[in-house]
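Q: need coordinates for the below:
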Amino acid sequence: GTVTDNNTGLMWQKEDDDATRTWESAITYCEGLSLGSYTDWRLPNIKELKSIVDNTKYSPAIDTTYFPNTNSSRYWSSTTYASFTSHAWFVDFNGGSVSSFDKSLYYYVRCVRGGQ
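A: Down below sits the predicted model:
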């Protein structure tokens, strides 16, 4: 149920649970996740989340060998948008773009551990 990126040392949740959540709920979900006998999961920051985008792929813009069943949609990062703190950054795995939007919206979640 996990994938380790040897370049970054990060361990990723292999498949998301196919549920969308608000930003706050996404943080709570990751912090409560128990997967692969680990309990120190967290919501990735925007730099970490961008690191799994594969720009040679589209819809989804991710390597589906390692991340099967990834939704071609938006995934939350833990990074708040500095100039507008009611927004947070996300990656849209349809094409791999990065943007920010209101934390009350429902996006997908992929948790990570390690790093920072």
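
Q: rest of the way, CA atoms for contacts and neighbours
A: OK.

Q: distance check, residue 34 against residue 20.
A: 18 Å (C-alpha to C-alpha, to the nearest Å).

Q: tell me which of the two has more neighbours.
A: When residue 34 and residue 20 are compared for neighbours, residue 20 comes out ahead with 17 against 12, by other C-alpha atoms under 10 Å.

Q: would you verify that residue 9 is located in a strand?
A: No: looking at residue 9 with DSSP: H, G, I helix; E, B strand; the rest coil, it is coil, so not inside a strand.

Q: do you know the pLDDT at it?
A: pLDDT for residue 9: 95.

Q: ok, how many other residues are close to it?
A: There are 11 residues near residue 9, going by other C-alpha under 10 Å.

Q: helix or strand for the residue of the chain positioned farthest from its centre, just tell me which one.
A: Using C-alpha atoms, centre = their mean, the residue of the chain lying farthest from its centre is residue 83. It sits 21.6 Å away. Here residue 83 is covered by no helix or strand, with elements defined by DSSP states H and E.

Q: show me the contacts for it.
A: Residues near residue 83 by C-alpha atoms under 8 Å, 6 or more residues apart in numbering: none.

Q: quick check: phi and psi at it.
A: Residue 83 adopts backbone torsions of phi -80, psi -10, taken as degrees, to the nearest 10.

Q: ditto for residue 97
A: phi -80, psi 160.

Q: just give me the longest helix of the chain.
A: As assigned by DSSP state H, the longest helix anywhere in the chain is helix 23-31.

Q: return the set of buried residues in it.
A: By 16 or more other C-alpha atoms under 10 Å, the buried positions in helix 23-31 come out as 23, 26-27, 29-31.

Q: shouldn't residue 48 be within a strand?
A: No: assessed with three-state DSSP, residue 48 is helix; it does not lie in a strand.

Q: was I right about residue 73 contacting residue 96?
A: No: using C-alpha atoms under 8 Å, residue 73 is not in contact with residue 96, being 9.2 Å away.
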